[in-house]
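Student: what follows is a protein structure lacking sequence information:
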């Protein structure tokens, strides 16, 4: 996500400083994941978010592609164990530590895959790391920091980090983060699909939001070319309202292109492989995740319960998350399913989410996250198909997989909408859930339909709209929706 015309709201510290340039706090919309539910969620919020704590940035790094991901193999993951003991730090290196975020009472936590292959649970401020893959849940917010830089992970993230003295290498597969740096002129390198970017903080009060993920460019299945492309969005903010001069400079290292973000709310985005260049913009539609208020008390409590369960249960992390995906509390079960997806394990999604109407308030958010994971980590598509087939049978599993990936362009040009409306009347709850989700993504309509409790009048309205020719597939909006003014 990013920031724009009005300056992004600054992260809150102990006292919130007034910032005339910052957008006014806005109300959080109903829980929706921003990636796939962009029109339904971001466009519904009317004001800019409150501010989030600026989290730090850092020094330069050597480019390196993201390493292979052992967590993508469910079988190999079963051998990993969860360890809440602090991993050992290499002598002579600076260290990063998990620290408490002031966003609420919940204790933050991360999962980390270390260089020796161990999966560890990072849950307090006594967990030093120097090189690892960090996996952040959708909530709560967590900070990692060194003497020089600080990063707040403010949403679902999978990011490789390596700290070498005062230098930081970051290779995110998915990221929602806020960076700040305690020293000026120290570069931080971000390795993304669109290239390697050197970010230099020119003002000690500056901070930078960074989002890495995939966004829909055209209608069709995730597996079709040019439907979902990688997107990198960076937006500058500043704690000092009257700051002058450049706040942050961004250079694309494999080209001569660069951008100077001169004031809060100025942003830079790259879509696809970066060949189209760097797109500058002003923030007009701030993402909800900038604000600490995007985390509810219920989400905080669910995270606390999940951490307690991970510590008290089996040492096998994947197995314990599978067990907790059937927790009595829907919020805890949904968080366990989402975290399993980020680890590359689709089994809890396939066996629990779609067939359990207790999780109905989490269906849309988790389905949006699932599409984001499948887009960003294509290796997980095959595993997801196998998990759905093992749970629901060959034919039903194939039907569910097609709906989850999104109907292809050829199908959408033919009987796609009619097939989805037929799915609303299916005897199988998973088919109804995915058909309703896909219809809402395509048309922006729901007509009051509830997959867990379908009523005849709602089904009739869908059929009438289709038969009258009034039901249309919406055009895909600007992938850099942060620069689109709210209506």
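Tutor: Nice, I can see it. What you see is a predicted model; the values in this text were computed from it and never measured. Residues are numbered from 1 along each chain as shown.

Student: tell me which element the closest residue to residue 139 other than its chain neighbours falls in.
Tutor: Excluding the flanking residues, the one nearest residue 139 by C-beta to C-beta, 6 or more residues apart in numbering is residue 299, at 4.2 Å. Where you see a C-beta, it was placed from the backbone N, CA and C, and this is true even at glycine. Secondary structure assignment for residue 299, by DSSP states H and E: helix 297-312.

Student: what about the next helix or strand along the chain from that helix, distance to the chain center?
Tutor: As assigned by DSSP H and E, the chain's next helix or strand after helix 297-312 is helix 317-324. What separates the centre of helix 317-324 from the centre of its chain is 21 Å, taken as C-alpha atoms, centre = their mean, to the nearest Å.

Student: and helix 317-324, what does it pack onto?
Tutor: Other elements packing on helix 317-324 under the criterion 3 or more C-beta pairs under 8 Å, 6 or more residues apart in numbering; DSSP states H and E are helix 74-77, helix 297-312, helix 330-343, helix 347-348.

Student: try 7 Å this time
Tutor: Here helix 317-324 touches helix 297-312, helix 330-343, helix 347-348, going by 3 or more C-beta pairs under 7 Å, 6 or more residues apart in numbering; DSSP states H and E.

Student: start and end of stretch 387-402, how far apart?
Tutor: Terminal residues of stretch 387-402 are spaced 14 Å apart (C-alpha to C-alpha, to the nearest Å).

Student: what's the average pLDDT for that stretch?
Tutor: Across stretch 387-402, the average pLDDT comes to 96.

Student: which parts of that stretch are buried?
Tutor: Buried residues in stretch 387-402, counted by 16 or more other C-beta atoms under 10 Å: 387, 388, 389, 391, 392, 396, 397, 399, 400, 401, 402.

Student: from these, which land in helices?
Tutor: Members of these lying in helices (criterion: DSSP state H): 387, 388, 389, 391, 392, 396, 397, 399, 400, 401, 402.

Student: including distance to residue 308, could those residues go into TSV?
Tutor: TSV is the format used below for these (distance: C-beta to C-beta, whole Å):
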residue	distance to residue 308
387	27
388	30
389	34
391	28
392	32
396	35
397	34
399	38
400	33
401	34
402	38
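
Student: what's the next secondary structure element after the host helix or strand of residue 97?
Tutor: Following DSSP H and E, one finds residue 97 within strand 96-99. Going down the chain from strand 96-99, the next helix or strand is strand 110-114, by DSSP H and E.

Student: just after that next one, pick out the following helix or strand.
Tutor: Toward the C-terminal end, the helix or strand that comes next after strand 110-114 (DSSP H and E) is strand 119-122.

Student: and that next one, how far out from the chain middle?
Tutor: The chain centre lies 20 Å from the centre of strand 119-122; the measure is C-alpha atoms, centre = their mean.

Student: mean confidence score for that strand?
Tutor: Confidence over strand 119-122 (mean pLDDT, whole number) is 82.

Student: how about low-confidence regions in the stretch 51-200 of the chain?
Tutor: When residues are selected by pLDDT under 70, those of the stretch 51-200 of the chain lie in 51-94, 100-107, 124-128.

Student: can you pull out the strands in it?
Tutor: 82-83, 96-99, 110-114, 119-122, 128-129, 131-136, 142-145, 149-153, 157-164, 167-181, 187-192, 195-201 (DSSP state E, counting those that start in this stretch).

Student: mind putting the ones you listed into CSV with mean neighbour count and distance to residue 353?
Tutor: Shown next, in CSV, are the strands of the stretch 51-200 of the chain (neighbours: other C-beta atoms under 10 Å; distance: least, C-beta to C-beta, whole Å):
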stretch, mean neighbour count, distance to residue 353
strand 82-83, 18, 22
strand 96-99, 22, 28
strand 110-114, 22, 20
strand 119-122, 23, 22
strand 128-129, 23, 31
strand 131-136, 24, 19
strand 142-145, 25, 24
strand 149-153, 27, 23
strand 157-164, 22, 19
strand 167-181, 25, 19
strand 187-192, 23, 29
strand 195-201, 23, 35
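
Student: other SSEs contacting the strand holding residue 97?
Tutor: Strand 96-99 sits against strand 128-129, strand 142-145, with contacts defined as 3+ C-beta pairs under 7 Å, 6+ apart.

Student: could those be laid out in TSV, adding distance to residue 222?
Tutor: Output for these, formatted as TSV (distance: least, C-beta to C-beta, whole Å):
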stretch	distance to residue 222
strand 128-129	32
strand 142-145	28
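
Student: which of those strands sits closest to residue 116?
Tutor: For residue 116, the closest of those is strand 128-129, at 12.1 Å, according to C-beta to C-beta.

Student: what sits up against stretch 452-468?
Tutor: The contact list for stretch 452-468 (C-beta atoms under 7 Å, 6 or more residues apart in numbering) reads 357, 360, 417-418, 421, 424-425, 429, 432, 447-449, 471.

Student: about what we covered before: as CSV, the strands of the stretch 51-200 of the chain with distance to residue 316 would be great.
Tutor: Listed next are the strands of the stretch 51-200 of the chain as CSV, based on distance: least, C-beta to C-beta, whole Å:
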stretch, distance to residue 316
strand 82-83, 7
strand 96-99, 22
strand 110-114, 13
strand 119-122, 9
strand 128-129, 21
strand 131-136, 16
strand 142-145, 23
strand 149-153, 24
strand 157-164, 20
strand 167-181, 23
strand 187-192, 31
strand 195-201, 36
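
Student: so how far is residue 296 from the nearest residue to residue 219 once chain neighbours are set aside?
Tutor: Excluding the flanking residues, the one nearest residue 219 by C-beta to C-beta, 6+ apart is residue 412, at 5.8 Å. According to C-beta to C-beta, to the nearest Å, residue 412 stands 35 Å off from residue 296.

Student: so the two - more neighbours on which side?
Tutor: Legend: neighbour count by other C-beta atoms under 10 Å for residue 412 and residue 296, higher for residue 412 (19 against 15).

Student: re earlier: would you show me how to pick out the buried ones of the contacts of stretch 452-468 in ChimeraX?
Tutor: Buried residues within the contacts of stretch 452-468, by 16+ other C-beta under 10 Å, are selected in ChimeraX with:
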select :417,421,424,429,432,447,449,471
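
Student: just the contacts of stretch 452-468: which are in strands?
Tutor: Mapping the contacts of stretch 452-468 onto strands (DSSP state E) picks out no residues; all lie outside.

Student: wait, which of the contacts of stretch 452-468 is closest to residue 258?
Tutor: Distances from residue 258 to the contacts of stretch 452-468, taken by C-beta to C-beta, are shortest for residue 417, at 45.5 Å.
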